[in-house]
Every structure is written in C-alpha cells, then in structure tokens.
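J.: Provided below are the primary sequence and the corresponding predicted coordinates.
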Amino acid sequence: MVMVDDHIEHLPSEVRIVEMGPRDGLQNEKQPVSTEVKVELIKRLIETGEKHIEATAFVSPKWVPQMSDHHEMMQALKPLKEAHPDVTFPVLTPNIKGFEGALAGNAEEVAVFAAASEGFSQKNINCSIAESIERFKPVVAEAKKHGIKVRGYVSCVLGCPFDGEIAPEQVAKVAKDLYDLGCYEISLGDTIGVGTPAKAKAMIEAVSKVVPVDKLACHFHDTYGQALANLYACLELGVTTIDSSVAGLGGCPYAPGATGNVATEDVVYMLNGLGIKTGIDLDKLVDAGVYISDQLGRKPVSRVANAVLSKRK
Ligand SMILES: CC(C)(COP(=O)([O-])OP(=O)([O-])OC[C@H]1O[C@@H](n2cnc3c(N)ncnc32)[C@H](O)[C@@H]1OP(=O)([O-])[O-])[C@@H](O)C(=O)NCCC(=O)NCCSC(=O)C[C@@](C)(O)CC(=O)[O-]
C-alpha cells in the first residue's frame, strides 16, 4: 500500500485527475479493441476511485475507426452510471453531428477540441482554428439547453508536428475563445510531448492571464519523458486538474510520432509523494493498467506500474 506523504505547503492539497485511457489511450490502437474490453477497463478504473473517465469520441468512424463503437459504449455505460452516479464519462464532440450522438446516448459532459496551430487543426479536424470555433458554437449552445457541461481542449500548446514552435500568446488566444464560448474548463494539450518545464510555465502564465488558473487542466503526453516535470511546474502555478492515461496508453492519430499521455500511475505516485490527494488507489490502478496492457499484448508504459509489479514478485 503506497501512502500519501506530508503535503508541501505551496502546492495544491488536492488534484482532480481526468482519465484518458479509454478514449485518448485507445483511439490510436491499430488492433481492434472490443466494446466489452473498453467497458471492463472503465469498470476497473471506477474501482480505483477515478471519478472522471473520458469514455469515447463522437468523431467520424472513417477518421478514427477505434471510436466507431461510440453508440454501443454509451449504452454499456448506462448501468455503470446508475451504479456510480458520482462518476462522469465525458465524450468528444467535434461538431453538432457528434453532439447529437452524445445527447442520444445521455452524455452529461462533452468536449470540443481546438488547436493552437493551424497545421494541426487542419490535419485533426479538417478546418482552420477560426472555423472550428464557429463549429463549436452550436455545440455549446445545444449543450447549455440540455444542461450538459462542455470542456474545451487546446492541442499543440507546447509545439506542433506541422508548424513547430507555438507562442504562449497563441495558446492563450484559443483558450480564451473556448472559455468565452462557455467551456467550463480548458485542457491544455502538449499533444506531441515536446515541452519542458520552463516552456510549460510560460504557457500557463500566458493562459492564466485570460482564463482563471483554476479553470485550466494540463494534458501532457510523455513522448520526451518530460511530462511529470512539466506537471510539477504547472502545479506550482496553481493548476489543480491533470489529464492522464492508465498504463500510459495512447497517442493521437493525427500527431505523427507522439506517444501516450503521461501514465496515471506515474502521476498518482508523484502526487502521493507530494502529499496531494487524488482519491485514487495506486495498487488498483496498477491492476487496471495490467488488465488493458494484457489485452493489448504488451507491458504498461508506466515506470511506476512496472516498479510496483516487480516489487510484488
Ligand atoms: C471533425 C470531423 C468529423 C470533420 O470531418 P469532415 O470530413 O471535415 O466533416 P464533414 O462534415 O465534411 O463530414 C464528412 C463525413 O463525416 C461524417 N461526420 C461528420 N461529423 C461526424 C461525427 N461527429 N461523427 C461521425 N461522423 C461524422 C459525415 O456524416 C460525413 O459522412 P459521409 O457522408 O462521408 O459518410 C473529422 O475530421 C473527424 O472525425 N476527425 C477526428 C478527430 C479526432 O478524433 N482526433 C483525435 C482526438 S483529438 C486528440 O486526441 C487531442 C486531445 C483532445 O487528446 C488533446 C491533445 O492531446 O492535444
């Protein structure tokens, strides 16, 4: 059993984890992953104490085949929602068609996703940044009508595979556009995991001038092994929401070379060591990561998970 250590004064006392495994984690898997396996993963994640689990994406099945079972996923989540009313299952909705699917599936939270770079916006959602904001307007308006919360993502906040360096002010502009639109939280994605702590800090400083820092989330991929260091830098600035993926699953189909999100196990271990509460049981989380990794035929991409597993032996 890993204990939570003494809390360090200038850091938050609690962090909200938004689990990306079933969506960001699996969207790029080339081998088919059945709805049954995805739902079993979600059940196991709930058992760890996770409360926010992004479940699927209402995107084009031609663009992202792995998410094409979105309707089946929503059906399968209904009994889980009834059994665990305190757990939310956000889903991605890039346009009104996606929103209509999410609404039919009784989603209580959706997410729109923009980018800080024109190159990534075109490759990922086939439109410019400005066009994407226009597409999101009816999604947010409809969501409001139905009492559905909307989260906003900004991708490529620390670098773009197509456009290179991204100015913090450009990230701030897109984040503000999404916040002004009505997104309750803005998740800032280092989609290709190229950031370093000073860059992450400069980006959060710029964005928090236009969106309150308690409305920001960090969504860092771990391609260059910098995600924990970057997260620590952002915690020092007051960020209290972190997106992560069990077993370090994932990668974006439209971000060449990007690996998975920072592993939830690694984040929880670091936060435990800092005395920051997450409500997540690390041992059960390692087990959930082993479950999905076994299904995919590989080891978890989490240093912490592998350390815990070898200690158990
Ligand atoms: C956005 C679109 C749909 C635009 O795609 P498009 O081709 O420009 O859209 P369209 O309106 O011209 O429609 C073309 C076809 O797609 C269908 N369509 C249209 N909309 C939908 C929908 N919602 N659901 C299902 N089908 C849809 C539509 O019905 C039509 O079907 P057809 O007549 O050819 O049979 C497309 O580009 C797409 O699906 N892209 C996938 C984007 C994606 O899922 N990327 C990965 C997630 S984002 C991410 O991972 C980053 C993040 C969030 O994690 C943060 C980070 O790490 O940075």
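T.: Thanks, I have it.
J.: which residues of the stretch 101-250 of the chain fall in helices?
T.: Remark: helices assigned in the stretch 101-250 of the chain by DSSP state H, counting those that start in this stretch are 118-125, 129-145, 168-181, 197-207, 227-236.
J.: would you turn those helices into a markdown table with distance to C160?
T.: Just so you know, the C-beta spots here come from the backbone N, C-alpha and C atoms, and that holds for glycine as well. As requested, the helices of the stretch 101-250 of the chain are exported to a markdown table (distance: least, C-beta to C-beta, whole Å):
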| stretch | distance to C160 |
| --- | --- |
| helix 118-125 | 5 |
| helix 129-145 | 12 |
| helix 168-181 | 10 |
| helix 197-207 | 13 |
| helix 227-236 | 17 |
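J.: between the ones you listed, which one is nearest to G248?
T.: Counting by C-beta to C-beta, G248 lies closest to helix 227-236 out of the helices of the stretch 101-250 of the chain; the figure is 9.3 Å.
J.: Report pLDDT for the residue of the chain found nearest the ligand.
T.: Nearest residue of the chain to the ligand: G189, at 2.6 Å (C-beta to the nearest ligand atom). Predicted confidence (pLDDT) for G189: 98.
J.: Count the residues that sit near it.
T.: 28 (other C-beta atoms under 10 Å).
J.: Okay, and the beta partners of it?
T.: According to DSSP bridges, the residues that bridge with G189 are H219.
J.: ok, it - contacts?
T.: Y153, V154, S155, C156, V157, H219, F220, H221, D243 (C-beta atoms under 8 Å, 6 or more residues apart in numbering).
J.: Greatest separation within the residues you listed: which pair is it?
T.: Farthest pair in the contacts of G189, by C-beta to C-beta: C156 and D243, 14.8 Å.
J.: of these two, who's got more company?
T.: C156 (31 against 26).
J.: who wins for neighbours among the contacts of G189?
T.: V157 (33 neighbours).
J.: Quick check: pLDDT value at that one.
T.: The model's pLDDT for V157 equals 98.
J.: again with the one 5 residues further on
T.: For F162, the model assigns a pLDDT of 96.
J.: what's the burial count for it?
T.: Neighbours of F162 (other C-beta under 10 Å): 16.
J.: Next: L249.
T.: Neighbours of L249 (other C-beta under 10 Å): 31.
J.: where does the protein dip in pLDDT?
T.: 1-7 (pLDDT under 70).
J.: so where do the strands sit in it?
T.: Per DSSP state E, the chain carries strands over the ranges 16-19, 56-57, 91-92, 109-115, 149-155, 185-190, 216-220, 241-244.
J.: quick one: is the second one near the ligand?
T.: The reference is to strand 56-57. Yes: judged by C-beta under 6 Å from any ligand atom, strand 56-57 and the ligand are in contact via A57.
J.: And that strand, what does it pack against?
T.: Judged by 3 or more C-beta pairs under 8 Å, 6 or more residues apart in numbering; DSSP states H and E, the packing partners of strand 56-57 are helix 70-83, strand 91-92.
J.: What parts of the chain come near the ligand?
T.: 24, 27, 57-60, 63-64, 92, 94-95, 97-98, 113, 124-126, 153, 155, 189, 191, 219, 252-254.
J.: Buried among the residues you listed? Need that as a selection in ChimeraX.
T.: Only the buried entries of the residues of the chain next to the ligand go into this ChimeraX selection, using 16 or more other C-beta atoms under 10 Å:
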select :24,27,57,58,59,60,63,64,92,94,95,98,113,124,125,153,155,189,191,219,252,253,254
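J.: Show the contacting residues for the spatially closest residue to T241 that is not a sequence neighbour.
T.: With C-beta to C-beta, 6 or more residues apart in numbering as the criterion, T241 has its nearest non-adjacent residue at 3.7 Å, and that residue is A217. With contacts defined as C-beta under 8 Å, 6+ apart, A217 is in contact with V18, E185, I186, S187, L188, V239, T241, I242, D243.
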